[in-house]
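Undergrad: kindly generate the corresponding structure for this input.
(3 chains)
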Amino acid sequence: MNPRPTPSPEPRIGFYVCHCGSNIADSVDCAEVARYVAGLPGVVIARDYKYMCSDPGQELIQHDIREHGLNRVVVASCSPLLHEATFRKAVSKAGLNPFLFQMVNIREHVSWVHKDRQAATAKARALARAAVERVRYHRPLQPVRVPIRAEALVIGGGIAGIHAALTLAEAGKRVILVERQPSIGGHMAQLDKTFPTLDCAACILTPKMSAVRAHPNITLWTYSEVIRVEGYVGNFTVTVRRKPRYVNETLCVGCKACVEACVFKDGRFPDEFNAGLSRRKPIYLPFPQATPQVVLIDPDRCLNLKTGKCKKTCVEACDRNAIVFDQQPEIHEVQVGTVIVATGFKLFDPARIPQYGYGRYPNVFTTLEVERLVNSSGPTGGEIRLRDGRTPRSVGFILCVGSRDHHTNPWCSRTCCMHSMKLALLIREHLDAEVTIFYMDIRAPGKGYEEFYDRCLREGIQFVRGRVAEVTDWAMTPEEEGKLVVRVEDTLAGFVRRIPLDMVVLAVGKEPQPDAQELRRLLNLSCSAEGWFLERHPKLAPVSTFTDGIFLAGCCQGPKDIPDTVAQAGAAAAEALALMDRGHIEQEPNTAYVDADHCSGCKSCLPLCPYSAIQFDENRGKANINEALCKGCGTCVAACPSGSIHQNLFDDEQVFAEIEGVLSHA
Amino acid sequence: MHIQRTIKYEADRVRGFAEEIMSLAGCDRLKSCIQCGTCSGTCPLSIYMDHTPRQIMALVRADFKNEVLRSRTIWLCASCYACTVECPRQIRITDIMYALKQRAIQEGVYPRRFPIPVLAHEFSRMARRYGRITETLLVMRLFLKSDWRALFRSWRMGLGLLRTGRFSLRRERIRRVQELDQMLATIPEAPATPSTPRQTP
Amino acid sequence: MKYAYFPGCSLKGLGRAYEESLLPVLRHLGVELQELDDWNCCGATAYMSVDENRAAVLASRNLALAENNGSTELLAPCSACYLVLNKLQHHITEFPDLRSTVQTALQRAGLAYRGTVRVRHPLDVLVHEIGLDVIREKVVRPLRGLKVAPYYGCQIVRPYATFDDAHQPTTMDRLLTTLGAEVVSYPLKTKCCGGSLTGTVPEAGLRLSYILLKEALRRGAHVVATVCPLCHFNLDAYHEEMERRWGPVRIPTVYFTQLMGLAFGLEPQQLGLHRNLVPFTFPIETTAAA
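TA: Model prediction:
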């Protein structure tokens, strides 16, 4: 039971004001503040010092606690966000309960916002007095320990999610990997080769995909989505909806006999994996290396599921009876300690820039479409062909489509320069074609990237520095007839050029996923102005978020290439591991508690708690607050009609004392 | 063979010129120009210009006033706004071209009988004086002041216009010209042409 | 329906056929136009080249007069007038300095402008206010077999793409299709005709108009439809010079309102078609190229 706070019978307060170098001392007369506070009742010692947070500064406090028998400490310096923990630790090392300490912000609240020295010093004095009055009412408290579960959830099964899941699993933690598509692999699975080494993407990715499938610590849920997240760090309750494949995942071995046997003799519907360049049947395996190697049935296209009138040759063909037409969605609830968000990106839709003719002229492609064309398990078996089947003799790449453009997306998508150069090189290898890259800048910052650019130059790829305004089929000369013409200022050579091309490739940029806003609301994350998930600090905390226990990995946090994605995934896993291995987290004991003697059992507080931390004890007829769940928001404290809920560190007596301290100075 | 030496020193820059141009309505986005060349690529007249629109933007930003005002570029701009619409930094290039035209006319920096600034001058004179333009009279003044031989070359067109009833010499004017006078009097006079137009070197 | 009408200098001069066809066509659709009394020249591109403040003040008188008459919408068929007035409207909203310059000037003449007038183009009003269904009902002589290249030019779609897309506008295409004509695919539909450069710097300006006509022919068009009197002049009046410099481009140009009038059964003479320097008749007696 929490005793009601009463002023300490004999407060022995130590007060310290920090110069913070010149940050505070320039505006506030620190010595004067110390002198003023020294004269207040209960203050045993008052000092001013240049850097209180430094070792000598902390030792000063510890020395005084021992020498002068201090039982309360107040430090007037910077923001508690910065150094409250530092001083509390210092105080507890000297044997005093850390919650008998109060911090006053005279930097962000005074010296950084006021120029008048006299006024600033007066304000500092008032705030100092307030803290001194308040700290009398502080009582010793113990931080609340919350256990962290050793299970992790990874949302997104691209290379970021895969790497994070494997790292966590290898460390002995149980991982649930939820992926929306029917297979893991993400965008990387659609690539042919990866820059700058030209490693085959599938060759380096599929071993990791298999490892995920096989790992005893990983539960792989594909074709599934997270629909609800409740709880807090260390104790998340996540609800996952598994969409019906209409195929039993444990029975299907991916032999594809059903696909063969389907009543649709040929593919009829755009194949998503091949960027719509080929067609698939309603029953299909997303791609040859799909993991899990299980087919699925598209309910919007399957004749049986849509009309009920089908011979169901697929069922006949399956000798394992794996097809289940009445399969229902499954709802699962899991408890995890940490969450890693690795939901990736979406490609810019070039139809939004009509000047480039995507969708109007058949031979305007995106980089992803060309990637599929070049891939040997793609729609053309690795042959680069125009939409009418001809082989292109001249190819042009237009960079920064939907990037660096204030009409669409102002940011740089980071990988398109390298991606386009890679495709240009592959096209030169496959065909004897002239390839030209139209660019504003070539961004090749990674390891081996600049050398790759040089290689492309030496292989005879033409580079024209000029942003293309328009792709047109208007021919001015006979050589332009039947081609796509690009009119561009060759800014380096110094004249305008018209270049006829057989094929135009648009280097489309990256955007946040269309449902990023919904996901962030589920997880209570912030987004940057552009829509990418927000990291805690752009330089020093790139994988954690403002929600404890939730981490980010990969392009969902911002555009990046594969090396950086994998590095970030490893970092996110490491930070999640740090939490889970420590096994607990200590929470600020600013929790609310019920004074049972005064509680009337009206139950007004119960529905108000956003964290469902209040229970009602029917036997005693009193409300009871779970300390571990309480986040100290103060809603119930304010709402209780009988005033019988109080909050540690924000008791009425403490707050009133603070107010009086400020007013008495005035 | 004529060998030319071209090097620009800091003394060739006219400090403050960029600020001046950018202070005109809505032209401060010029600061964001990344010299991508989209404007020149889309400009239908860029192939006739001595400096492409992109180059003009670079020159303006670097305070090379003399090079800019003496270029043919600003007069060859047809105000089609293609550059303004395509610019990825949404710079109002056409408006900057207008600002440069205004500067050049104010300072008299164009060849004496160059038809385009002459047209601008004659047009604004007629609009101010009568409130409306009589196209035939305007064209005749334009040719007289720039290239009177062109008048004779267009005799066939003139006949055609007469025949089809589009050739009218009747002066178009508004009734309340004094309103125009009153309104324009509130604006400090910027000379349409200075008294002694300078020749371009 | 009634609209305040700003003809602009050209529609009373070289471009009179535009007005001659616009007025009866709109009357046929039940729309009356009230010419703005004592309107003055908008300044076009020329005045803006001399002084932007004076140009703004000159144009603003028209908006003030329209507002004073109680008009909330002003129809401006000429592309240059349409742009100048629209741009002025945008600029005085966006730039307080310019707004105060204009208001001070207007005040001196006993006028005022509060910013309530919307400048409209007839193409916009026809397609979006009157509607293609109403127009279709009035078609008595569908332009069957006529291939038209729809030429929008610059200033009604740029920089303010108010009523149609700046890159792929379709209002005129749809209107012409409603008249029964066949609209050819015309990638140059928003490319500049050269404006006032055709007469002053023909090797550059005139060539732009030449390219427009050449491509229209190549695409199989019988006629080019325009919305602007200067575009019409450039495309109609220089055929001999174009032929001398670069080659023949025998394709007529008409105003889209003239085609509307023909489809409505009005006589060519009523629509000013006799004013074309390059003659146009419908039905086509002799097909022009391709």
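
Undergrad: in the stretch 1-150 of chain A, which residue sits nearest chain B?
TA: Of all residues in the stretch 1-150 of chain A, A:Trp112 sits closest to chain B, at 29.8 Å by C-beta to the nearest C-beta. C-beta: built from backbone N, CA, C; applies to glycine.

Undergrad: list the contacts for the closest residue to that residue other than its chain neighbours?
TA: Leaving aside its chain neighbours, A:Trp112 sits nearest to A:Asn23 (7.5 Å; criterion: C-beta to C-beta, 6 or more residues apart in numbering or on different chains). With contact set as C-beta atoms under 8 Å, 6 or more residues apart in numbering or on different chains, A:Asn23 has these partners: A:78, A:107, A:111-112.

Undergrad: same check on A:Asp473?
TA: For A:Asp473, the residues meeting the contact criterion (C-beta under 8 Å, 6+ apart) are A:357, A:361, A:483-485, C:187.

Undergrad: for the buried ones among those residues, write the corresponding ChimeraX selection.
TA: Selection of buried members from the contacts of A:Asp473 for ChimeraX, criterion 16 or more other C-beta atoms under 10 Å in any protein chain shown:
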select /A:357,483,484,485 /C:187
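
Undergrad: most widely separated two among the contacts of A:Asp473?
TA: The widest separation within these, taken as C-beta to C-beta, falls between A:Lys483 and C:Pro187 and amounts to 13.1 Å.

Undergrad: before we move on, the earlier item: let me know the distance separating the residue of the stretch 1-150 of chain A closest to chain B from chain C.
TA: When distances are taken as C-beta to the nearest C-beta, to the nearest Å, A:Trp112 and chain C turn out to be 33 Å apart.

Undergrad: pull the number of nearby residues for that residue.
TA: Counted with other C-beta atoms under 10 Å in any protein chain shown, the neighbours of A:Trp112 add up to 17.

Undergrad: state the pLDDT value of it.
TA: Here, the pLDDT recorded for A:Trp112 equals 94.

Undergrad: burial check on A:Ser528, number of neighbours?
TA: Considering only other C-beta under 10 Å, A:Ser528 is surrounded by 14 other residues.

Undergrad: should've said C:Glu35
TA: Taking other C-beta under 10 Å as the definition, C:Glu35 ends up with a neighbour count of 15.

Undergrad: does it touch C:Pro7 like I think?
TA: Yes. Contact between C:Glu35 and C:Pro7 holds when scored by C-beta atoms under 8 Å: they sit 6.3 Å apart.

Undergrad: which ones are touching C:Glu129?
TA: Taking C-beta under 8 Å, 6+ apart, we find C:Glu129 in contact with C:Met1.

Undergrad: again but with C:Ser209, I slipped
TA: By C-beta under 8 Å, 6+ apart, the residues touching C:Ser209 are C:193-194, C:198, C:234-235, C:238, C:242.

Undergrad: make a markdown table out of those residues and add secondary structure and pLDDT.
TA: Putting the contacts of C:Ser209 into a markdown table (DSSP: H, G, I helix; E, B strand; the rest coil; pLDDT from 0 to 100) gives the following:
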| residue | secondary structure | pLDDT |
| --- | --- | --- |
| C:Cys193 | coil | 96 |
| C:Gly194 | coil | 95 |
| C:Thr198 | helix | 93 |
| C:Asn234 | helix | 97 |
| C:Leu235 | helix | 97 |
| C:Tyr238 | coil | 95 |
| C:Met242 | helix | 96 |
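
Undergrad: what's the closest of the contacts of A:Asp473 to A:Arg393?
TA: Nearest to A:Arg393 out of the contacts of A:Asp473 is A:Lys483 (C-beta to C-beta; 9.6 Å).

Undergrad: measure that closest one to B:Ser32 for me?
TA: From A:Lys483 over to B:Ser32 the distance is 34 Å, taken as C-beta to C-beta, to the nearest Å.

Undergrad: check what pLDDT C:Thr286 gets.
TA: With respect to pLDDT, C:Thr286 has a value of 45.

Undergrad: check A:Val146 too.
TA: Looking at A:Val146, the pLDDT reads 87.

Undergrad: just confirm it is within a helix.
TA: No. With DSSP: H, G, I helix; E, B strand; the rest coil as the criterion, A:Val146 is strand rather than part of a helix.

Undergrad: neighbours of the closest residue to C:His222 other than its chain neighbours, how many?
TA: Distances taken as C-beta to C-beta, 6+ apart put C:Lys147 closest to C:His222, at 4.9 Å, once the chain neighbours are dropped. For C:Lys147, the number of neighbouring residues by other C-beta under 10 Å comes to 20.

Undergrad: show me the contacts for C:Lys147.
TA: Residues in contact with C:Lys147 (C-beta under 8 Å, 6+ apart) are C:181-184, C:220-223.

Undergrad: next one: C:His239
TA: Listed by C-beta under 8 Å, 6+ apart, the contact partners of C:His239 are C:248-250, C:277-278.

Undergrad: how far away is it from C:Thr198?
TA: As for C:His239, its distance to C:Thr198 is 12 Å (criterion: C-beta to C-beta).

Undergrad: now distance to chain A too, for the contacts of C:Ser209, in TSV please.
TA: Output for those, formatted as TSV (distance: C-beta to the nearest C-beta, whole Å):
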residue	distance to chain A
C:Cys193	15
C:Gly194	16
C:Thr198	19
C:Asn234	19
C:Leu235	17
C:Tyr238	19
C:Met242	16
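
Undergrad: farthest pair in those?
TA: C:Cys193 and C:Met242 (12.1 Å).

Undergrad: among those two, which residue is more densely surrounded?
TA: The residue with more neighbours, out of C:Cys193 and C:Met242, is C:Cys193; 31 against 22, by other C-beta under 10 Å.

Undergrad: surely that one meets C:Asn234?
TA: Yes. Applying C-beta under 8 Å, one finds C:Cys193 in contact with C:Asn234, separated by 4.6 Å.

Undergrad: lowest-confidence helix or strand of chain B?
TA: Ranking every helix and strand in chain B by mean pLDDT, DSSP states H and E puts helix B:148-153 at the bottom, with a mean of 80.

Undergrad: what's in contact with the helix or strand following it?
TA: Secondary structure here is assigned by DSSP states H and E; on that basis, the next helix or strand after helix B:148-153 toward the C-terminus is helix B:155-163. With contact meaning C-beta under 8 Å, 6+ apart, helix B:155-163 is reached by B:136, B:167, C:14, C:237-238, C:240, C:277.

Undergrad: give me the buried subset of the residues you listed.
TA: When the contacts of helix B:155-163 are checked against 16+ other C-beta under 10 Å, the ones flagged as buried are B:136, B:167, C:14, C:237-238, C:277.
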